[in-house]
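K.L.:
for reference, the sequence and a predicted model appear below.
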Amino acid sequence: MIRAGRQHLVRTLADIAAQQGIALQTLLNSGQHQKEAFPAPLNGGRTRLYDGEQVEAYLAGRPVPALPTTDDDEDLLDRQEAAALSGVPLSVWDRRKKEPTVSEHLVRVGGVEHWPRHIVRDYTPAPAAVPEAVAGPAYRRRGPGPRDQLPARVAQLLDADPALTAAAVTDRLGVHRNTAQAALTECRAQRMADAMEQRALTAAQAAAALDYPASQTRRASVRAEAILRGRQARPYLTAVAQAVHARGWSSTDTPPVVQHPEDDQCVATLLLDTPEAPAPALVWSERHGWRTAPSRRHPLGKGAAWPPPGDGVRHLATGTTPTPADLVNALDSTSRERPGQHQLTGDAPP
């Protein structure tokens with residue numbers, strides 16, 4: 001992200017090359033930006049952005065200063081960061097960013113789209129065109145409505161009543177009880193995770209700080225802890241995505257979104273979409289580590305259970321967080337042992 005007040009310092013690789021009086025391709029060929037001491041990029045997308053103050057210190061041979069670490073409402077978040085903060089897939093954010101309440105705050109830095117943290121965090125959709133009473137039966141006759149709007153509407157109800165129950169959500173919005181419970185748990189868990197991350201609280205302390213009844217937050221507490229672990233895993237998953245992209249197995253180095261198919265675990269899927277890829281996809285589990293997946297459409301499989309080796313599934317490397325280099329080497333070994341494996345699954349690369 002771009003920390004508040006530092007937008008004017010942002011540099012692209014083209015800017016850094018021009019600063020040294022060389023062509024961009026010369027900089028890329030030199031590999032200067034890939035050296036260990038070179039400042040880390042501010043984002044993980046295709047167009048890399050850097051902090052100018054850090055770059056200037058590096059080029060001058062001075063110690064690279066650290067960036068601010070305290071979150072601010074005016075921090076600028078890119079597409080991946082906005083989706084992660086909102087707790088939604090990238091596809092959902094790509095629709096959400098087009099809404100006027102979000103799009104009017106779009107900021108392009110170095111050609112990359114960004115939005116202020118408070119706009120992402122406090123996003124509220126336009127009211128749905130339903131009767132003002134939003135009565136259950138009347139709303140049900142209109143169908144479930146846009147699912148993208150449900151989290152924001154539940155958040156509004158939770159703002160008004162921290163002791164909100166799933167039954168109350170069902171009565172107000174006319175959704176199924178299970179849908180209401182899932183949305184309410186997710187909303188509480190995201191807010192609890194924010195409090196845990198920002199204020200170093202336990203899940204129980206975060207629930208108390210938000211006035212959530214302990215009797216209604218057992219599941220949300222477990223989910224909040226998993227959400228927090230997923231956020232902490234993001235730099236590692238970013239490094240893996242970059243390594244796989246550099247190896248030529250993925251067309252993008254965008255890090256995978258951490259998912260929670262069950263409240264107490266974190267998983268992520270990384271699609272390998274080039275003809276040279278040794279498998280259709282990779283799956284990471286915080287409990288098991290990495291494996292290949294035989295399907296690009298449904299990499300997690302039924303129920304997201306961890307499958308044994310076989311039928312296109314290979315367990316890779318050692319431990320739950322092998323280095324990106326070790327993971328790439330393990331995939332190279334898989335490719336040598338079973339060439340063309342991904343073409344046997346019906347998910348031929350594009």
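P.N.:
Thanks, I have the structure now.
K.L.:
same for the lengthiest helix in the chain, what does it pack against?
P.N.:
What stands out as the longest helix in the chain, according to DSSP state H, is helix 218-247. With contacts taken as 3 or more CB pairs under 8 Å, 6 or more residues apart in numbering; DSSP states H and E, helix 218-247 sits against helix 177-199, helix 203-209, strand 267-271, strand 281-285, helix 324-337. Heads up, the C-betas are built off the backbone N, CA and C, glycines and all.
K.L.:
what does the last one contact?
P.N.:
Just to be clear, that refers to helix 324-337. 239-240, 242-244, 247, 249, 278-279, 282, 290, 292, 314, 316-318, 322, 341 (CB atoms under 8 Å, 6 or more residues apart in numbering).
K.L.:
give me the angle between that helix and helix 218-247.
P.N.:
Inter-element angle recorded for helix 324-337 and helix 218-247: 70 degrees (by axes from the mean of the first three to the mean of the last three CA atoms, to 10 degrees).
K.L.:
try the longest one
P.N.:
Orientation of helix 177-199 against helix 218-247 (the same axes, to 10 degrees) gives an angle of 70 degrees.
K.L.:
show me which of the contacts of helix 324-337 are buried.
P.N.:
Buried members of the contacts of helix 324-337, scored by 16 or more other CB atoms under 10 Å, are 239-240, 242-244, 247, 249, 278-279, 282, 290, 292, 314, 316-317, 322, 341.
K.L.:
can you name the element that comes right after the lowest-mean-pLDDT helix or strand in the chain?
P.N.:
One helix or strand of the chain scores below all others by mean pLDDT, DSSP states H and E: helix 136-141, with a mean of 39. Proceeding N to C from helix 136-141, the next assigned helix or strand is helix 150-160, under DSSP states H and E.
K.L.:
identify each buried residue in the helix or strand following that following helix, please.
P.N.:
Remark: after helix 150-160, the chain's next helix or strand is helix 166-173, criterion DSSP H and E. Going by neighbour count (16+ other CB under 10 Å), the buried part of helix 166-173 is 166, 169-170, 172-173.
K.L.:
list just the nearest of those residues to Ala183.
P.N.:
Checking the buried residues of helix 166-173 against Ala183 with CB to CB, the nearest one is Val169 at 6.9 Å.
K.L.:
residues contacting the nearest residue in space to the closest one that is not next to it in sequence?
P.N.:
Using CB to CB, 6 or more residues apart in numbering and skipping the chain neighbours, the partner closest in space to Val169 is Ala180 (3.7 Å). The contact partners of Ala180, by CB under 8 Å, 6+ apart, come to 154, 166-167, 169-170, 173.
K.L.:
if I look at Ala180, how far off is Val154?
P.N.:
Noted for Ala180: a distance of 8 Å to Val154, by CB to CB, to the nearest Å.
K.L.:
what about Arg6, how many neighbours?
P.N.:
Using other CB atoms under 10 Å, Arg6 is surrounded by 19 other residues.
K.L.:
what's the pLDDT at it?
P.N.:
We note a pLDDT of 91 for Arg6 in this prediction.
K.L.:
I figured it hits Tyr50, correct?
P.N.:
No. With contact defined as CB atoms under 8 Å, Arg6 does not reach Tyr50; the gap is 11.1 Å.
K.L.:
for this structure, which spans come out with low pLDDT?
P.N.:
Scanning the chain with the threshold set as pLDDT under 70 gives 124-148, 303-304, 334-350.
K.L.:
quick check: neighbours shared by Ala180 and Val154?
P.N.:
169, 173.
K.L.:
just the CA trace of stretch 163-183, in PDB.
P.N.:
Backbone C-alpha positions of stretch 163-183 (Å, rounded to 0.1, in the frame of the first residue of the first chain) are rendered in PDB as follows:
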ATOM      1  CA  ALA A 163     -26.200  -8.000  19.900                       C
ATOM      2  CA  LEU A 164     -27.800  -8.700  16.500                       C
ATOM      3  CA  THR A 165     -29.000 -12.300  16.000                       C
ATOM      4  CA  ALA A 166     -29.300 -14.400  12.800                       C
ATOM      5  CA  ALA A 167     -33.100 -14.500  13.400                       C
ATOM      6  CA  ALA A 168     -33.200 -10.700  13.400                       C
ATOM      7  CA  VAL A 169     -31.300 -10.600  10.100                       C
ATOM      8  CA  THR A 170     -33.700 -13.100   8.600                       C
ATOM      9  CA  ASP A 171     -36.700 -11.100   9.800                       C
ATOM     10  CA  ARG A 172     -35.300  -7.800   8.400                       C
ATOM     11  CA  LEU A 173     -33.800  -8.900   5.100                       C
ATOM     12  CA  GLY A 174     -35.800 -12.000   4.300                       C
ATOM     13  CA  VAL A 175     -32.800 -14.300   3.700                       C
ATOM     14  CA  HIS A 176     -32.500 -17.900   4.800                       C
ATOM     15  CA  ARG A 177     -31.500 -18.400   8.400                       C
ATOM     16  CA  ASN A 178     -28.200 -20.200   7.300                       C
ATOM     17  CA  THR A 179     -27.400 -17.300   5.000                       C
ATOM     18  CA  ALA A 180     -28.100 -14.800   7.700                       C
ATOM     19  CA  GLN A 181     -25.900 -16.700  10.200                       C
ATOM     20  CA  ALA A 182     -23.000 -17.000   7.800                       C
ATOM     21  CA  ALA A 183     -23.100 -13.300   6.900                       C
END
